[in-house]
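Trainee: coordinates only, sequence not included:
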Ligand SMILES: Cc1cc2nc3c(=O)[nH]c(=O)nc-3n(C[C@H](O)[C@H](O)[C@H](O)COP(=O)(O)OP(=O)(O)OC[C@H]3O[C@@H](n4cnc5c(N)ncnc54)[C@H](O)[C@@H]3O)c2cc1C
Ligand code: SF4
């Protein structure tokens, strides 16, 4: 099991080899697949039309109470159990000491699945349920719900689990952390840290803190104390991660590329869906009559914003950023301007992905050295870094600081 870990041995570069095994093809690095991963319908260089069948926005016509967004993930899981497509579902429920802490669960009933609604905002030790699956002869068909790094490990051991069918429903994921990192973040971000259920860094350049009473506190990124938060919040693994898009899942649900409308609360807002293969299509088809589906859209040019974000973030990491975040009204003003002129929809998703790729490239090279970085970082991520390197060597120069 240890050998399967996404951060040991070949590290995240193993995704490229596994992609072919899981989806029957590798990502086409001449198309959007370079960033978004393998898509069921995308084989051509100009994949704008094809990819829209595999990447789209969707929301539940009847949003599910207590879900993170409208509950697409929980609805697919419920339907797979109801139709007996699977015997059980691996999902993440709540820990005993604090309901906000994650605890992986094997769900055999609808009640079990409903109890796992919503994101518990820290790293979940999902690998521990694999052993239970392996030793229980009753379990032959499984739906696994999880973030990219756990799916990489699952795909490495899949053949040893003795299953007839494995379905993987992934979520997009970036910047997760240990539970102490969650507490540090909320203690620094708000006056009511005990009230925060979870938070999401949203496409309106604000972090949305969901409170226990259902209300949201929205803080512009620029008003957070970046220097203080630059350590001890995001886990080292997440700063070494190159799988924001969950490339080895069959179906992925997130929000990174939605055309975010801030007048609509998260739990009523369309989500961002990626279908990677026929299994993923079968899974989303199970609930398609309950969904309102719209094509994905894109607007703006992410490139200048990516470099700017990398530089200001890296200055904070190097301890050279401002001591405090901007006052709220200034932060809100910057967020408002960026919403007007910055990237939107799919282009925003790619802005976020490019920024995380470059930030993590710098981190891995600095902390683990060039040789380990070469082994660990997938070639698709290196291609993205090279796009920003330019004639001036903008990225390499930061490694010299
Ligand atoms: C840790 C984490 C970070 C995320 N970060 C991003 C991001 O940066 N960008 C983006 O676009 N989307 C991200 N997402 C996805 C997004 O927040 C929603 O999960 C997704 O849109 C599904 O919403 P839903 O209403 O369908 O979920 P629900 O129906 O409420 O289901 C949520 C599911 O999440 C699972 N879950 C809960 N906590 C965890 C955990 N700690 N680890 C693994 N699985 C968990 C549960 O098993 C549950 O089935 C993240 C998700 C997680 C779990
Ligand atoms: S950011 Fe990457 S490493 Fe961190 S929890 Fe998410 S998928 Fe795993």
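Mentor: On my side now, so go ahead. Keep in mind that this is a model prediction, so the values were computed, not measured. Residues are numbered from 1 along each chain as shown. Ligands and ions are numbered 1, 2, ... in the order given.

Trainee: who's the residue of the stretch 201-350 of the chain found nearest ligand 1 bridged to?
Mentor: Closest residue of the stretch 201-350 of the chain to ligand 1, Cβ to the nearest ligand atom: residue 254 (2.9 Å). Every C-beta, even on glycine, is put in place using the N, C-alpha and C of the backbone. In this entry, residue 254 is beta-bridged to residue 272, by DSSP bridges.

Trainee: helices of the stretch 251-400 of the chain, start to end?
Mentor: 278-285, 303-317, 328-341, 346-376, 379-389, 394-399 (DSSP state H, counting those that start in this stretch).

Trainee: in JSON lines, list those helices along with mean neighbour count.
Mentor: Formatted as JSON lines, the helices of the stretch 251-400 of the chain follow (neighbours: other Cβ atoms under 10 Å):
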{"stretch": "helix 278-285", "mean neighbour count": "18"}
{"stretch": "helix 303-317", "mean neighbour count": "17"}
{"stretch": "helix 328-341", "mean neighbour count": "14"}
{"stretch": "helix 346-376", "mean neighbour count": "20"}
{"stretch": "helix 379-389", "mean neighbour count": "17"}
{"stretch": "helix 394-399", "mean neighbour count": "15"}
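
Trainee: need those helices in TSV (columns: distance to ligand 1 and mean pLDDT).
Mentor: Shown next, in TSV, are these (distance: least, Cβ to the nearest ligand atom, whole Å; pLDDT from 0 to 100):
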stretch	distance to ligand 1	mean pLDDT
helix 278-285	12	96
helix 303-317	15	89
helix 328-341	17	89
helix 346-376	7	95
helix 379-389	16	95
helix 394-399	22	89
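
Trainee: enumerate the residues of this structure near ligand 2.
Mentor: Counting by Cβ under 6 Å from any ligand atom, the residues of the chain close to ligand 2 are 123, 147, 148, 149, 173, 174, 176, 237, 238, 241, 243.

Trainee: which among those residues count as buried?
Mentor: Buried by 16 or more other Cβ atoms under 10 Å: 123, 147, 148, 149, 173, 174, 176, 238, 241, 243, out of the residues of the chain next to ligand 2.

Trainee: could you export those as TSV, including secondary structure and pLDDT?
Mentor: What follows is these, written out as TSV (DSSP: H, G, I helix; E, B strand; the rest coil; pLDDT from 0 to 100):
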residue	secondary structure	pLDDT
123	coil	95
147	coil	97
148	helix	97
149	helix	96
173	coil	97
174	coil	95
176	coil	94
238	helix	96
241	coil	97
243	coil	98
